[in-house]
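Peer 1: Here you go, sequence then predicted model.
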Amino acid sequence: MYKKEIKVIDCTVRDGGLMNKWQFSNKFVRHVYNALTEAGVDYMEIGYLSSKDAFDRKEYGPWRFCFEEDLQKIIGSSEKKIKLSAMADIGRIHYEDIPPKSESSLDMVRVACYVHQVDTAIDLAHHCRDKGYETTINLMAVSTVGLRDLNEALEDLNKSKVPIIYLVDSFGAFYSEDIDTLAAKYIERLPEKTIGAHFHNNQQLAFANTISGIINGINYLDATLYGIGRGAGNCPLELLLSFLKNPKFKVRPLLKCIEEEIFPWSKKIDWGYSAPYMVTGVMNQHPRSAMAHMESDKKEEITEFYDTICNTIDTV
């Protein structure tokens, strides 16, 4: 599936950091950075942009903030051959704390929002654009959004100056036919935009749904090394690059990084497919309940968890 328009964004550090409060060592982040560069990946999403007063730096690692001094520790003196991205959460970054692009190693800022936050997200993305950054808006949890609200959000996004809009399966609830329908809708209602995809693996469909997105004209693709990420995780980067058949991509550096850096983390934190995450995905529920169950001493009592979720839905 070779398409020159496709860009691949690795979210290993940003999304994986949700599992350990971004307490990755510089060695880990540098190895990921070097492996992605050698593999030919287009962007590395190295973390979040956050203001100092949003989180306690004694509790949260540097990749919750992406201050320039920390970025420089990773890049070093060598030429930067991969673009760097950071995600901005509404309400957690003050506009004045976003440096001009000329003073930052970041190339792209991605704004994550829910449908009711679209106007605020556009304003933040426009602010970043005016400071010289590439921008995207990642519209989350669309599996829970009614048709009218989604259409109105897409109409507002279409009027914005943000060039890239992401279709996000926050709960891992979508099947390939959902991607077919939504990709067509996004492309029809956002004719001048590029569409991106960020899919979660609750039903072991993140990779398959990403392929469906590609077939349907989605060209910005998110993935992570070995699928690392909160809960059920994400589309595995090594699978995606192997599928794309673009000669610029090299898989071996990714496998070496997985072997040396990701496997050790897999012994400390849990992510990936499991029955509780499957249940929340099938039920189109936020994974927070499954995450809590997986962290409890009842993680293998999955029938009880299933009954609890079903009863919760029945009483809503």
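Peer 2: Nice, thanks for sending it over. Numbering: from 1, shown residues only.

Peer 1: Name the spans of the protein whose pLDDT lies under the cut-off.
Peer 2: Along the chain, the parts satisfying pLDDT under 70 run over 1-2, 314-316.

Peer 1: Apply 50 and report the result again.
Peer 2: Applying pLDDT under 50 to the chain flags the ranges 316.

Peer 1: What segments of it are helices?
Peer 2: For the chain, the helices defined by DSSP state H cover 12-16, 26-39, 68-75, 118-130, 147-159, 176-189, 206-215, 237-244, 252-257, 263-266, 275-282, 288-294, 302-315.

Peer 1: Just give me the neighbour total for E259.
Peer 2: E259 has 11 neighbours, counted by other C-beta atoms under 10 Å. (Glycine included, C-beta is placed from N, CA and C.)

Peer 1: same thing with S78?
Peer 2: If we define neighbours as other C-beta under 10 Å, then S78 has 8 of them.

Peer 1: same thing with the one 3 residues further on?
Peer 2: A total of 9 residues lie near K81 under the criterion other C-beta under 10 Å.

Peer 1: And I137, by the same measure?
Peer 2: Residues within reach of I137, counting by other C-beta under 10 Å, total 26.

Peer 1: contacting residues for it?
Peer 2: 110-113, 118, 121-122, 125, 157, 160, 162, 164-166 (C-beta atoms under 8 Å, 6 or more residues apart in numbering).

Peer 1: 10 Å instead, please
Peer 2: 110-113, 117-118, 121-122, 124-125, 153, 156-157, 160, 162-166, 193, 196 (C-beta atoms under 10 Å, 6 or more residues apart in numbering).

Peer 1: how about the helices of the chain in TSV, adding mean neighbour count?
Peer 2: Formatted as TSV, the helices of the chain follow (neighbours: other C-beta atoms under 10 Å):
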stretch	mean neighbour count
helix 12-16	27
helix 26-39	20
helix 68-75	15
helix 118-130	19
helix 147-159	15
helix 176-189	17
helix 206-215	22
helix 237-244	20
helix 252-257	19
helix 263-266	13
helix 275-282	22
helix 288-294	18
helix 302-315	12
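
Peer 1: Please convert these to CSV, extending it with distance to S105.
Peer 2: Output for the helices of the chain, formatted as CSV (distance: least, C-beta to C-beta, whole Å):
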stretch, distance to S105
helix 12-16, 14
helix 26-39, 11
helix 68-75, 4
helix 118-130, 15
helix 147-159, 28
helix 176-189, 31
helix 206-215, 28
helix 237-244, 21
helix 252-257, 20
helix 263-266, 24
helix 275-282, 34
helix 288-294, 32
helix 302-315, 43
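
Peer 1: To G91, which of these lies closest?
Peer 2: helix 118-130 (8.4 Å; C-beta to C-beta).

Peer 1: Pop the domain breakdown of the chain in here.
Peer 2: Following the assignment in automatic domain parsing, the chain carries domains at 7-266, 275-315.

Peer 1: wait, V142 sits on V168?
Peer 2: Yes. Under the criterion of C-beta atoms under 10 Å, V142 makes contact with V168 at 6.6 Å.

Peer 1: overlap in contacts of these two?
Peer 2: Shared contacts of V142 and V168 (C-beta under 10 Å, 6+ apart): Y114, F174.
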